[in-house]
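Asks: next one to model:
(chains A, B, C and D)
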There are 4 protein chains.
Amino acid sequence: MSNKIAIGILGATGVVGQRFIQMLERHPWFEVAWLAASDRSEGKTYGEAARWRLKTAIPANVAAMKVSPATPEGAPKIIFAALDASIAAEMEPRFAEAGCAVITNSSALRMQSDVPLVIPEVNADHIKLIDTQAWRKKSGGYVVTNPNCSAIGLVLALAPLHRRFGLEAVMAVTMQAVSGAGYPGVASLDILGNVIPYIRNEEEKMEEETQKLLGKLNGAGIIPAPFAMSAQCNRVAVEDGHTESISIRLKTKATREEIIAAWNDYRAEPQELKLPSAPERPVVYLEAVDRPQPRFDVDLGAGMTTAVGRLRPCSVLDWKFTVLSHNTIRGAAGAAVLNAELLKAKGYLATS
Amino acid sequence: MSNKIAIGILGATGVVGQRFIQMLERHPWFEVAWLAASDRSEGKTYGEAARWRLKTAIPANVAAMKVSPATPEGAPKIIFAALDASIAAEMEPRFAEAGCAVITNSSALRMQSDVPLVIPEVNADHIKLIDTQAWRKKSGGYVVTNPNCSAIGLVLALAPLHRRFGLEAVMAVTMQAVSGAGYPGVASLDILGNVIPYIRNEEEKMEEETQKLLGKLNGAGIIPAPFAMSAQCNRVAVEDGHTESISIRLKTKATREEIIAAWNDYRAEPQELKLPSAPERPVVYLEAVDRPQPRFDVDLGAGMTTAVGRLRPCSVLDWKFTVLSHNTIRGAAGAAVLNAELLKAKGYLATS
Amino acid sequence: MSNKIAIGILGATGVVGQRFIQMLERHPWFEVAWLAASDRSEGKTYGEAARWRLKTAIPANVAAMKVSPATPEGAPKIIFAALDASIAAEMEPRFAEAGCAVITNSSALRMQSDVPLVIPEVNADHIKLIDTQAWRKKSGGYVVTNPNCSAIGLVLALAPLHRRFGLEAVMAVTMQAVSGAGYPGVASLDILGNVIPYIRNEEEKMEEETQKLLGKLNGAGIIPAPFAMSAQCNRVAVEDGHTESISIRLKTKATREEIIAAWNDYRAEPQELKLPSAPERPVVYLEAVDRPQPRFDVDLGAGMTTAVGRLRPCSVLDWKFTVLSHNTIRGAAGAAVLNAELLKAKGYLATS
Amino acid sequence: MSNKIAIGILGATGVVGQRFIQMLERHPWFEVAWLAASDRSEGKTYGEAARWRLKTAIPANVAAMKVSPATPEGAPKIIFAALDASIAAEMEPRFAEAGCAVITNSSALRMQSDVPLVIPEVNADHIKLIDTQAWRKKSGGYVVTNPNCSAIGLVLALAPLHRRFGLEAVMAVTMQAVSGAGYPGVASLDILGNVIPYIRNEEEKMEEETQKLLGKLNGAGIIPAPFAMSAQCNRVAVEDGHTESISIRLKTKATREEIIAAWNDYRAEPQELKLPSAPERPVVYLEAVDRPQPRFDVDLGAGMTTAVGRLRPCSVLDWKFTVLSHNTIRGAAGAAVLNAELLKAKGYLATS
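Replies: The predicted model follows:
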């Protein structure tokens, strides 16, 4: 047995569960030790239970692992979760109650006032909310969430501007990849040669999560960032990578050079702490007039870097630009893994 | 020979030229009598010269027609044009000079102050600008233009609101079909599984054409509509149909019902005049939460109706909604044909 | 109430069920009078129960119709069925038992020895098998099937050659549209930018159905055509239209001209009887070197004509060519409707 | 300057030229020292001249390199070529004449009797033809070719069977990726939602190259393998990876296990010589019923391994199966690089 920290995965067979396994295959700190999925997977090996949809092969040791029942008994104390919201709402508290650190990609508890919603480069300080959780006080367990796949790329692009210049208004129109809907997810008959101008609950999540992420920790809660925020979410025939057309109004006026510098210079705690999954650069501005594009730029920084391009003046607000972010890496599994790394660096992953 | 009005087509082999031929195949007033294309097509029959890209067959009489040199000599007096802007800039004035009515889809002269840019349901009165053209005075010839394929759907959706409530600001993000780039146009390697967040000159055209179309005729010129207008244009893997995510601010506040009624009740001169290509309804609001979609709604009103859906409040401006319009029918060939029908109804197509 | 024959549809909400409704909207003989679907649709109107996936609108009268329980009580005596094979195996006999003419697209009973598998242009005489069915003798009810969507286009292309020259061997490789898998059917994550070289049971169906269709009626059974037949089935990112690369060996050698004439001259009983859904030409040979293509040719003959092209010598067998057929019209709903028309013309649809 | 061998690239800006640069970025033996492209690129840096279409970044040193005129003067003695056939026919002899080793992906000279057409795992001995070339005798220069992208995967799958069991007949139907047509290549309007059943000259190349590759070296020429070979080539909406449905007849009958073992056990000279670009396994049989698929398997062995699957009996010939091969790596740039490595290992790359 290695010295690595044993990790359990809830929802291990889904698109995001698979990304967890892929990202943890050679992780220096963590290793997958326990997998749970829906009842019909129980008792099977992971290789039998999962319809593996990634280009890299299933790690042999994981393929051979038995899928466990989704209960805290016998599970490791550190749990990565990628569950449907309705199941998560019930199951995540149960694991936290039982003393587990639940690091989740699910949306169920993101907006709960004592649950931190965290992007380590943006609001690492929000993890202190953990200490206010009843689970924490009782059993040591807690829940930490990462944002929706459409919010995370946007917020990584907004954070450097919000810090330097202040945001007054944000309009976002997304063109989201089908992998964001899981598997089987979007039917091919719905998306081939098509755009679907609707994703259930997505606009609401983007709006409120953006404001919580850029909000201020104030005692036992977060005061949402006060700028106006409006999202329109579309699905397009792209496999991985959410592209977003953004317009913003700033409090302090800034030049094109200042804005690009804000992005390119941006470094935060994960970079200083050299967390294993932290990209060297959280945000990169691409100068080419027609970038970023999902086909070419989605894997920047191993899928953890947000690409920005096409900065130009907006005649309604101040500036407009395009954002691209990998929705199942930075927008899901990678987000949770980086949260776990931050928690470990901050002493929140006691593994005695 | 029939009693129909003989029409010539400049740029007959391109995607829009083909749509002209398709739309005119059974037109009650017009018939194709003359075709011109690039030099390398000259002398061939149209069937040999064109790489026909439509689902309906080439009309047999057109397939057998010889492609003529692109000069006014021997051409009919009524010309539909679908030329690249650089060629149009030189060729359209030459035909107008020679006494032709040039009804063009090209962008070259759209913003010239004495050239009307017309959507018959929106600004039919702008055709009076024709009388101020030097060509008109000299030879009877003139140029009338229709807008860019991304502007026309938007403006049809905006016009009813602008009339009833007044627009103060408009933000548009487009997801445009590949047919908008002509043939061969967008390379498959560029667009399969991808979004391209850039279309050359498109945002500029959308912004300035929208303001000219909704502007006021004032003597020999148009005063652009004074609202703020910002566009972001993306290309997606869709064949036909531009989808647009729109936000607006209104001068006079309006309810959801009032706005939807403004769209659904909208009728204009083409409907009253019963022009052959005028859709019964220029704008239709779809109640389904996930519509309009190009795959299902692009052919509404034989491709001449603009579909609108998803009206909901916008927390930055007032309202947001989705617009869909057929880019090579309503957005190109159909736009010019309807302009020609309007001109005939108004006595501008003397054919003696 | 009209004078048309009342029709019921089993499996009305699926992709093929929807095509039934679309094809019957203006049918001169039949009209939809009763709809059944899965239990969860019962009691809803069809408009509420169906996720309509076609470009034409749901007929208003059908949208308002209540979905009935899938039992023969209260159902019309003529039933079109589009059920999953496992459900069909149980339900179709029940309706036949109750005296219904069950005209089905399902595969469940296709290979049963007393059930005719019919393409009206190919083996109309096989309908006599009906008279041998126990259901028929007992209650007047019976079952007639049409072939798999991948077999029907192939057999329409083979039949003229088999009649004139005799087939000795057939190799077929298909590239099948996603609509063939129903809705939701193929997940977008499985097919975007991909080819799937496997469709469950499809190769077996193609092989045995082709031989039954081209077989000979012999008393109470069909003697399968004795040629060797091998199929390989692939799924591609096409919405509608199965494309097939075919090689054949003939008994009597034939020239290119003779083969093309066999296709182009082919007419059969549905054409002679002028059945409403019969295409003027069952098979059309396209001379262009790169046709047929699903994008351009799938709707030939309102989706009921099989397109053939690229005939050229094969150095392993004798000839090779490409076949294209609309999989949900000619390959499913249209096949059943044409079967029903044939049955009516032959006196098998007593409606007293 | 490094100790690596200086390489020049003809046709450096195309899709295959870009793959050369990508594959040579960290090559242990070779380094790019000279780039030529069409006249309009001359004098520009490569970064300016090339429209880079790969997911990895342009190597910085190559981006900064000047594009040279396409003449042997000043060029290195080892040239990788990726030219259109018509240009290659004229240019490759000129470089060979001037003493260059021309290792080319172009089709121009593949079937010339004294030019070896080589897959190192299949017919490494054919390189001896070099010694019969007039260029070689005169200046030391020569031309070596690799096969068409559709032939190479097939031949890698056939070679192990041909050696062990003997081939009597081969039928191949391809579903080829758009990158095989170069850039811009296939227009998106031609391929979105479509299959094109025609690729110019492709079937002829596949048939004759397969027989030359599996043929026998006999003095100054190759005796083509005598089996019957028939190809049908289709284009599908896939970016990279040609999928092929294959049927074969064998001389010596073999079991399923024997055939799969023939593939999985196959090793050849490149593996023994441990050539840097040789995959550990040239051919891998995938047991999953629905594999290989381009989306998941195209990058096996860094794009140099041919994946085979779905072996099952064929009722016309003996066996049928599916082959997948990366068309721009194993099927183009990687093929030439591996040829160069073989030539070096065999002493044909004198670099004094």
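Asks: for chain A, which spans come out with low pLDDT?
Replies: A:1, A:351-352 (pLDDT under 70).
Asks: how about the residues of it by chain D?
Replies: Within chain A, the positions near chain D by Cβ under 8 Å from any Cβ of the partner chain are A:R53, A:L54, A:K55, A:L192, A:G193, A:R295, A:F296, A:D299. Placement of C-beta: from N, CA and C, glycine included.
Asks: test my guess that the fifth one contacts A:A237.
Replies: Yes. At 7.2 Å, A:G193 counts as touching A:A237 under the criterion of Cβ atoms under 8 Å.
Asks: and these two? Which one has more around it.
Replies: A:A237 (29 against 23; other Cβ atoms under 10 Å in any protein chain shown).
Asks: helix, strand or coil for that one?
Replies: The three-state label given to A:A237 by DSSP: H, G, I helix; E, B strand; the rest coil is coil.
Asks: same deal with the one 10 residues further on?
Replies: Three states are possible here, and by three-state DSSP the one that applies to A:S247 is strand.
Asks: which residues of the stretch 1-150 of chain A fall in strands?
Replies: Under the criterion DSSP state E, counting those that start in this stretch, strands of the stretch 1-150 of chain A are mapped to A:5-10, A:30-36, A:67-68, A:78-81, A:101-104, A:142-145.
Asks: on that earlier part again, mutual contacts of A:G193 and A:A237, please.
Replies: Residues touching both A:G193 and A:A237 by Cβ atoms under 8 Å, 6 or more residues apart in numbering or on different chains: B:A237.
Asks: thinking again about what came up before, among the strands of the stretch 1-150 of chain A, which comes closest to chain B?
Replies: Of all the strands of the stretch 1-150 of chain A, strand A:142-145 sits nearest to chain B, with 23.0 Å by Cβ to the nearest Cβ.
Asks: and the closest one, what does it pack against?
Replies: helix A:85-97, strand A:101-104, helix A:134-139 (3 or more Cβ pairs under 8 Å, 6 or more residues apart in numbering or on different chains; DSSP states H and E).
Asks: how far out from the middle of the chain is that strand?
Replies: 13 Å (Cα atoms, centre = their mean, to the nearest Å).
Asks: how about the CA coordinates for it, as PDB?
Replies: What follows is strand A:142-145, C-alpha atoms only, in PDB (Å, rounded to 0.1, in the frame of the first residue of the first chain):
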ATOM      1  CA  TYR A 142     -18.000  18.800   6.200                       C
ATOM      2  CA  VAL A 143     -19.100  19.600   2.700                       C
ATOM      3  CA  VAL A 144     -17.200  21.800   0.200                       C
ATOM      4  CA  THR A 145     -18.500  22.500  -3.300                       C
END
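Asks: circling back to that earlier point, okay, the strands of the stretch 1-150 of chain A in CSV with distance to D:A177 and mean neighbour count next?
Replies: Conversion of these to CSV gives the following (distance: least, Cβ to Cβ, whole Å; neighbours: other Cβ atoms under 10 Å in any protein chain shown):
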stretch, distance to D:A177, mean neighbour count
strand A:5-10, 34, 24
strand A:30-36, 34, 22
strand A:67-68, 36, 22
strand A:78-81, 36, 27
strand A:101-104, 39, 28
strand A:142-145, 40, 27
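Asks: how about the ones you listed in TSV, adding distance to D:A108?
Replies: Listed next are the strands of the stretch 1-150 of chain A as TSV, based on distance: least, Cβ to Cβ, whole Å:
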stretch	distance to D:A108
strand A:5-10	54
strand A:30-36	53
strand A:67-68	56
strand A:78-81	55
strand A:101-104	59
strand A:142-145	60
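Asks: closest to B:N218 out of those strands?
Replies: Evaluated over the strands of the stretch 1-150 of chain A, closeness to B:N218 peaks at strand A:142-145, with 57.4 Å, by Cβ to Cβ.
Asks: how about the residues of the stretch 1-150 of chain A by chain C?
Replies: A:V15, A:R53.
Asks: which single residue of the stretch 1-150 of chain A ends up nearest chain D?
Replies: For the stretch 1-150 of chain A, Cβ to the nearest Cβ, closest residue to chain D: A:K55, 5.8 Å.
Asks: now the closest residue to that residue other than its chain neighbours: which helix or strand?
Replies: Of all residues not flanking A:K55 in the chain, D:F296 sits nearest, at 5.8 Å (Cβ to Cβ, 6 or more residues apart in numbering or on different chains). Following DSSP states H and E, the helix or strand that holds D:F296 is helix D:294-297.
Asks: hmm, who's touching that helix?
Replies: With contacts defined as Cβ under 8 Å, 6+ apart, helix D:294-297 is touched by A:53-55, C:190, C:192-195, D:177, D:238-243, D:286, D:291, D:307, D:324.
Asks: what helix or strand does the residue lying farthest from the centre of chain A sit in?
Replies: Distance to the chain centre peaks in chain A at A:S315, reaching 31.8 Å (criterion: Cα atoms, centre = their mean). Under the criterion DSSP H and E, no helix or strand holds A:S315.
Asks: now do the contacts for it.
Replies: By Cβ under 8 Å, 6+ apart, A:S315 lies in contact with B:E207, B:A228, B:M229, B:S230.
Asks: quickly compare the helices and strands packed on strand A:142-145 and say which is most buried.
Replies: Neighbour counts (mean count of other Cβ atoms under 10 Å in any protein chain shown) averaged over each of the helices and strands packed on strand A:142-145 peak at strand A:101-104, with a mean of 28.
Asks: partner strands of that strand and their direction?
Replies: Strand A:101-104 pairs in its sheet with strand A:78-81 (parallel), strand A:142-145 (parallel), by DSSP bridges.
Asks: give me the contacts around the last one.
Replies: Contacts to strand A:142-145, defined as Cβ under 8 Å, 6+ apart, come from residues A:92-93, A:96, A:101-107, A:109-110, A:115-118, A:127, A:130, A:133, A:135-136, A:339, A:343, A:348.
Asks: go with 7 Å
Replies: A:92, A:96, A:101-104, A:109-110, A:115-118, A:127, A:130, A:133, A:135-136, A:339, A:343 (Cβ atoms under 7 Å, 6 or more residues apart in numbering or on different chains).
Asks: and if you look at the first one?
Replies: Applying Cβ under 7 Å, 6+ apart, the external contacts of strand A:78-81 come out as A:5, A:7-11, A:20, A:88, A:92, A:95, A:100-106, A:336, A:340, A:349.
Asks: please apply the same query to stretch A:254-268.
Replies: With Cβ under 7 Å, 6+ apart, stretch A:254-268 has contacts from A:E121, A:P160, A:L161, A:R164, A:F165, A:P282, A:V283, A:V284, A:Y285, A:V308, A:L311, A:W319.
Asks: following the chain past the helix or strand where the second one lies, name the next helix or strand.
Replies: In other words, A:P160. Using DSSP H and E, A:P160 sits in helix A:149-165. Counting by DSSP H and E, the element after helix A:149-165 in chain order, helix or strand, is strand A:167-176.
Asks: how close does A:C233 get to B:L154?
Replies: Distance of A:C233 to B:L154, given as Cβ to Cβ, to the nearest Å: 19 Å.
Asks: for A:L158, that is, sorry about that
Replies: In terms of Cβ to Cβ, A:L158 sits 27 Å off from B:L154.
Asks: how about A:T56?
Replies: In terms of Cβ to Cβ, A:T56 sits 44 Å off from B:L154.
Asks: ok, A:S230 next?
Replies: In terms of Cβ to Cβ, A:S230 sits 18 Å off from B:L154.
Asks: the two: which has the busier surroundings?
Replies: Taking other Cβ under 10 Å, A:S230 and B:L154 do not tie; B:L154 has more neighbours (26 against 22).
Asks: so who does the more buried one touch?
Replies: Contacts of B:L154 (Cβ under 7 Å, 6+ apart): B:A172, B:T210, B:E244, B:I246, B:V323.
Asks: what domains does the record give for chain A?
Replies: Structural domains assigned to chain A are A:5-148+A:333-345, A:149-326, following automatic domain parsing.
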